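Enquirer: Sharing a sequence plus its predicted fold:
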Amino acid sequence: MANSSRVSDPPRAVRRLVRTPHPPQLPVYRLSAEERRDLHALVDHEWIVTNGMGGYSSSTVAGIVTRRYHGLLVAALQNPLGRMVMLNTLLDSAEDASGRRVLLSLEPGVGATPGAKDAVPIAQLTEFRLDGGLPVWRYEVGGGKTTIEKRVFMPYRQNTVIVLYRVSGDAPVTLHLTPAVHFRGYEASVSEVLPEHYAFSTEGELLRLAAEGLPPLQMRVEGSFAFIENPRRYEQIGYAVEEARGYEFHGSLWSPGTLALAVAPGSSVALIASSEDPSVMQSMSAEEALGVEVERKRRLIESAPPEAHSGAAAQLVIAADQFIIRPVGRVRDTIRAAALGDEVRTIIAGYHWFTDWGRDTMISLEGLTLSTGRHREAGFILRTFAQYVRDGLIPNHFPDGSDEGLYHTADATLWFFHALERYSETTNYWSLVVHVLPVLRAMVEAHLRGTRFGIGVDPADGLLRQGADGYQLTWMDAKVDGWVVTPRRGKAVEINALWYNALVLLSRWERDFGDQHNWKKYGEAAALVRESFNEKFWFEEGRYLYDVIDGPEGNDPALRPNQVLAISLPNPVLDEEHWPEVVQIVRERLLTPVGLRSLAPGHPDYKARYFGDLRTRDAAYHQGTVWAWLIGPFIDAWLKVHPEDHTSARGFLDGLITHLPEFGVGSIAEIFDAEAPYTPRGCIAQAWSVGEVLRCLLKINSAEKSSELQESD
């Protein structure tokens, strides 16, 4: 039995706050002057801020909504509503003392078309920056006499968005703010019928919009204003990204009218929109709420290791925070956890459209929480998922608006073992392992005897096989119209690398905290897996590993990145003699500046671009498309083969760090095209992309620092 002091959770965060003579500054990212002058670039760059509950505010830098998921307020509501678009956009313009009006944001189909005879000109955007994760626009109006600075942010754990305007210069301006809405689920088509009637009322500084069966949208104005009532519908608004993705792309919005706010130089005004009770909205002024949110982000960086106090690492710490949420929709689970003195936490897999996925959560947990000093929340996440185990499996994901998880995954459960090991090793506290040991044992026993979806051990060789008609059970999970693009039925290489790692860990934990008989049993099972793996997965002709063996069509020699996990995991299943060859061929054929290709060029199914309608995209999703998260396992494998080559390891991250100011500004995309220029695609902000890049960046920084200290000694 291990030392008892390691089997009780600490009363507070494990990592102590590091105080430095020069406190870390919040990172700032700016668009270049060339990008600010290019409307296409302003549309291609998207921003997002989140509220720690799954809700968010997001659009393009230009203010043009191009996705169904864009919205100034997308609220995370209790199930069965889930996430709802409550405030789609805010059309804002400024009028100077001479009566000349300019647009601060432009909405296709709503604002005037640039270049038209009667078009309202667009204000000069002199700066767009991401300041500590918060988007800031700076405009010059009135011939440069007045500057308007606009910020968008969300108070933590509120379904509230605040748009704050600060005016400076020599002359006053009048801001015109026109809210436009289409209450709907965030996944719903933009062409969904607009409600016939929105109930609208005003009371002092409060404005209220409501539709039957939905919570109202409350809006509060800070500053003197006049409300110009002008209810109207805006028709045939085009959503360009939805069109490119093959979905319905024309929709309608409704507005009650326009707010006119006269603002003197040196003053600020704000619009606060919320689905919360008005008392929540009125608890802080906009400036106070901004100060609180900035301080919260500064504390996140201070709590992270010193290597994350500046530069790209600091920005990634801020980006990581967006994915760690308290799922307010699942009320039953929240009440149950509270009764146990615990808290529910989970990880949003990606914005805009993902919910929390078991696999993504476990892969990204180390980078998002352990690398950033958020150990207590890591424990909450692991305990949350331990509650959801069914038939030896943790959920693949929770559909939005649902309390019930879907369990069609062969690897999420195995990644749970890995995440638990990283948590325990990082914190050096083992009470969680002791607590969930019966659950872990039940997981492995379910796999040994066979569980859902054909997931079970082949008793002849101890390897784990999986597969069921119509299901995609590995992380390569594209499916469209009943077509499973990469079924990978049989014994997949990374599944068995994870299975071996889980058996080794469980055997070790049984030895330290559990049953001696089980220790030997699982140790023998691991030994059989290792022997069979090295005998059967080595593809002699290619000098790398088969991707799948014993499948319906035999062994699959497709060169894919999954084999890297046979080296990168803490307990590698592949014999060390083969490590250099595997790492080398992956570097030569799969490595790109932004991650690993999912299939090597030259294969008949290889696709160079991820673009088009859903079927076309899914056909490319894991057939060449680059995945950023895979850079993490590759760097781990690289450093096992080349332990002193930190320079190369850091170089593998350069392209992803350079990518931070583009696409989803300040975050890392889900995927990229397989060929130059490696266009970012998919989600604008992906949890495992951010988590793995941050984890590796800090790992390399720490290793370099240790080497420097050794050399100085």
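Expert: Perfect, I can see it now.
Enquirer: For the helix or strand of the chain with the lowest mean pLDDT, which outside residues touch it?
Expert: In the chain, the helix or strand scored least confidently by mean pLDDT, DSSP states H and E is helix 331-339, which has a mean of 75. When contacts are taken as C-beta atoms under 8 Å, 6 or more residues apart in numbering, the neighbours of helix 331-339 outside the stretch itself are 78-79, 326-328, 343-344, 383-384, 387, 403. Glycine gets a C-beta too; all of them are placed from N, C-alpha and C.
Enquirer: From the residues you listed, keep the buried residues only.
Expert: Neighbour counting by 16 or more other C-beta atoms under 10 Å classes 79, 326-328, 343-344, 383-384 among the contacts of helix 331-339 as buried.
Enquirer: that older thread, for the least confident helix or strand of the chain, output the C-alpha coordinates as CSV.
Expert: Output of helix 331-339 as CSV, limited to C-alpha atoms (Å, rounded to 0.1, in the frame of the first residue of the first chain):
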residue,chain,number,x,y,z
VAL,A,331,-29.7,19.8,-13.3
ARG,A,332,-30.0,16.3,-11.9
ASP,A,333,-26.3,15.6,-12.1
THR,A,334,-25.5,19.0,-10.6
ILE,A,335,-27.8,18.3,-7.6
ARG,A,336,-26.3,14.9,-7.1
ALA,A,337,-22.8,16.2,-7.1
ALA,A,338,-23.6,19.0,-4.7
ALA,A,339,-25.2,16.4,-2.3
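Enquirer: Quick check: which ranges of the chain have low pLDDT?
Expert: The chain contains residues with pLDDT under 70 at 1-23, 107-119, 708-713.
Enquirer: try 80 this time
Expert: 1-25, 106-119, 196, 329-342, 400-403, 705-713 (pLDDT under 80).
Enquirer: most distant residue from the middle of it?
Expert: What lies farthest from the middle of the chain is residue 98; by C-alpha atoms, centre = their mean that is 45.7 Å.
Enquirer: name the element it belongs to?
Expert: For residue 98, there is no helix or strand it lies in under DSSP states H and E.
Enquirer: which one is it nearest to, not counting chain neighbours?
Expert: If you skip the residues right next to it in sequence, residue 98 has residue 142 as its closest partner in space, 7.4 Å away by C-beta to C-beta, 6 or more residues apart in numbering.
Enquirer: Would you map out the domains in the chain?
Expert: The record's domain split for the chain, according to automatic domain parsing, is 32-275, 304-707.
Enquirer: Same list (those) but as CSV, adding distance to residue 294.
Expert: What follows is those, written out as CSV (distance: least, C-beta to C-beta, whole Å):
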stretch, distance to residue 294
domain 32-275, 6
domain 304-707, 11
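Enquirer: Could I get the contacting residues of residue 606?
Expert: For residue 606, the contacting residues are 599-600, 623-624, 674, by C-beta under 8 Å, 6+ apart.
Enquirer: Same list, these, but as CSV with neighbour count please.
Expert: As requested, the contacts of residue 606 are arranged in CSV below (neighbours: other C-beta atoms under 10 Å):
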residue, neighbour count
599, 26
600, 20
623, 24
624, 22
674, 24
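Enquirer: Any idea how far apart the tips of stretch 476-495 sit?
Expert: Criterion C-alpha to C-alpha, to the nearest Å; first-to-last residue distance in stretch 476-495 is 12 Å.
Enquirer: Shouldn't residue 248 be within a strand?
Expert: No - the assignment for residue 248 by DSSP: H, G, I helix; E, B strand; the rest coil gives coil, which leaves it out of any strand.
Enquirer: which ones are touching it?
Expert: Applying C-beta under 8 Å, 6+ apart, we find residue 248 in contact with 189-191, 242.
Enquirer: Of these, which qualify as buried by neighbour count?
Expert: Neighbour counting over the contacts of residue 248 (16+ other C-beta under 10 Å) leaves 189-190, 242 as the buried ones.
Enquirer: Before I go, just wanted to say thanks for your time.
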